[in-house]
Every structure is written in structure tokens, then in C-alpha cells.
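1. pasting the sequence and the predicted model now:
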Amino acid sequence: MNTQPIGLFDSGIGGTSIWKEVIKLLPNENTLYLADSKNAPYGEKTSDEIIALSVKNTEYLLFKGCKLIIVACNTATTNAIDYLRATYNVPFIGIEPAIKPAALFSKTGAIGILATKGTLSSKLFEKTANEYTKNITKIEQDGEGLVPLIEAGKINSPQLINLLTTYLKPMLNFNIDHLVLGCTHYPYLIPQIQQILGEQVKIIDSGEAVAKQTKAILEKNNLLNTLPKSATKQPTHQLFSNININVLAQLIKDVPVQYTVHELDF
């Protein structure tokens, strides 16, 4: 079981921002990533639709023998992870917006949150936000339209920059000093976001924290892959998308490990 892969799924290519952190922290592990780009964005779907898509992805990853599943999507986590944990007998790691550290370290008492509608309207988000922002001003912004542009590879397009500027500039009027990214697609926009907000605003995403939590859960369940790497036996990393794989391949071309990218109708 220990040599079986870690499974990850997202409503597309954004969760590769999590995948990169996982393979960096856990270089011995095999991974299998599903980009459900055909159904992106999840953030505009109903809770029942999100649960059904999460079940579809989970069952494929279990069919492929995954020992642990990372729901590398904020919207799927906030809407479906309780159902997944109650239904399937493997550990699940979820992604939540990192509101807690932003609220704890804010000096101005104001933080921004850029997330999808599906995350912002979920009960889990509301619970987390209420718990940690009692004395903090939080500016929530639905990033409608950003995910389809990222999925289309239009990260530096004027359309995307205009949208981002419209969403983020007003936050500066509230003197925010932290911006929480509540969607795993958004870390790919950090350079553009920093240019709009300036260096005085710290951008927080969940990637490193998720990788650390994954390692902790693997250790707790004695599931770490302890087989040493060798010249002949390197970890396998397989990434699948159910739509054109070109943008996915482009996003991960800087990763210093061997991997394969496939188109798969799942």
C-alpha cells in the first residue's frame, strides 16, 4: 500500500499549484493528478453538482489504487469533503482558504479574500471566516471569470488583468495587508496580483500547508513510501486532463521531476 500513489483532483489545472508543493516535500511519493477541466469552474455549480463531480473523481482515483486523496480544490473541499470522508475509507486532505494566518498576522486589521462563489457561499467557509475574523475587517471578492481564463492559458491577457484590477483595487481602500487566495488556480496569478496590490500586501495561498498536512497524515497512517529512489526506479507522476492537455503541460514545464501528461475522458 505504501508505494501506491497519492491522488489529487481539481476542477482543472489549478490544483497543480498544490501538486508542486506535495512532490517538493515528499520526493519519494508517486502521484496521480486529475484535472476535471471539462467541468470547470466548479465555483458556479450547485452543491449537489459539486458533490457528484467530486464522487466521480474520487472513484477514479480509488480505481487506480490511490492511498490518500487531496481534494486540490477549495470549492470541492468546502462543499464535498464531509461527504467524501463519510463515504470512502481513505484519508482525505482538503483545501481551505488560509484565513487564520492572514487574520493572526494582520497589522492593519483588514484582509482581502479572493475566492470562487462556490467557496464564499459554503457553510465551511462561513464557519472558518467567523471563527478567525471576529475583530478583523474582511473584504470578500468573487473571482468570477478568472478560472476559465486560466484554464484557457490566458494568464497574461488584458482581459484577465482588467478583471483582476477590478476585483482587487477596491480592497486597497480598506487598507488590507494580506490577501488570501481561496482557489488553487489563483497562485498562478501571484505576479499579476502583486503588481496590482503592491509589495505591502502579503499574498497567502494554501500549497505549503497542504503538503505538510499530507506528510503528517501519511506518517500517522504508516503510509509513507519508504522505498529509496534509485537510478533505475524514480517515482512516477501521472497527470490527466479530460480536455486539451496543452495548457496543463505548459503550467508544469518547470517541474524538475519526470512526469507524464495524458488526455483522458473521465
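-> Everything's here; your move.
2. sketch out the low-pLDDT regions of this protein for me.
-> Along the chain, the parts satisfying pLDDT under 70 run over 231-232.
3. quick one: the helices in it?
-> For the chain, helices defined by DSSP state H occupy the ranges 16-25, 47-63, 74-87, 99-105, 117-120, 123-132, 146-151, 158-172, 190-197, 207-220, 246-251.
4. list the buried ones in the fourth one?
-> I take that to be helix 99-105. Within helix 99-105, the residues scored as buried using 16 or more other C-beta atoms under 10 Å are 99-103. Backbone N, C-alpha and C define where each C-beta goes, glycine included.
5. now distance to residue 157 too, for those residues, in a markdown table please.
-> What follows is the buried residues of helix 99-105, written out as a markdown table (distance: C-beta to C-beta, whole Å):
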| residue | distance to residue 157 |
| --- | --- |
| 99 | 29 |
| 100 | 33 |
| 101 | 31 |
| 102 | 28 |
| 103 | 33 |
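6. out of those residues, who's nearest residue 22?
-> Nearest to residue 22 out of the buried residues of helix 99-105 is residue 101 (C-beta to C-beta; 19.5 Å).
7. and the helices of the chain as a markdown table, adding distance to residue 233?
-> As requested, the helices of the chain are exported to a markdown table (distance: least, C-beta to C-beta, whole Å):
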| stretch | distance to residue 233 |
| --- | --- |
| helix 16-25 | 16 |
| helix 47-63 | 23 |
| helix 74-87 | 32 |
| helix 99-105 | 38 |
| helix 117-120 | 39 |
| helix 123-132 | 40 |
| helix 146-151 | 34 |
| helix 158-172 | 41 |
| helix 190-197 | 35 |
| helix 207-220 | 19 |
| helix 246-251 | 24 |
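8. among the ones you listed, which comes closest to residue 227?
-> Comparing the helices of the chain against residue 227 with C-beta to C-beta, the closest turns out to be helix 207-220 (13.6 Å).
9. and that closest one, what's buried?
-> Across helix 207-220, burial judged by 16+ other C-beta under 10 Å covers 207, 209-211, 214, 217-218.
10. identify the residues contacting residue 259.
-> 237-239, 252 (C-beta atoms under 8 Å, 6 or more residues apart in numbering).
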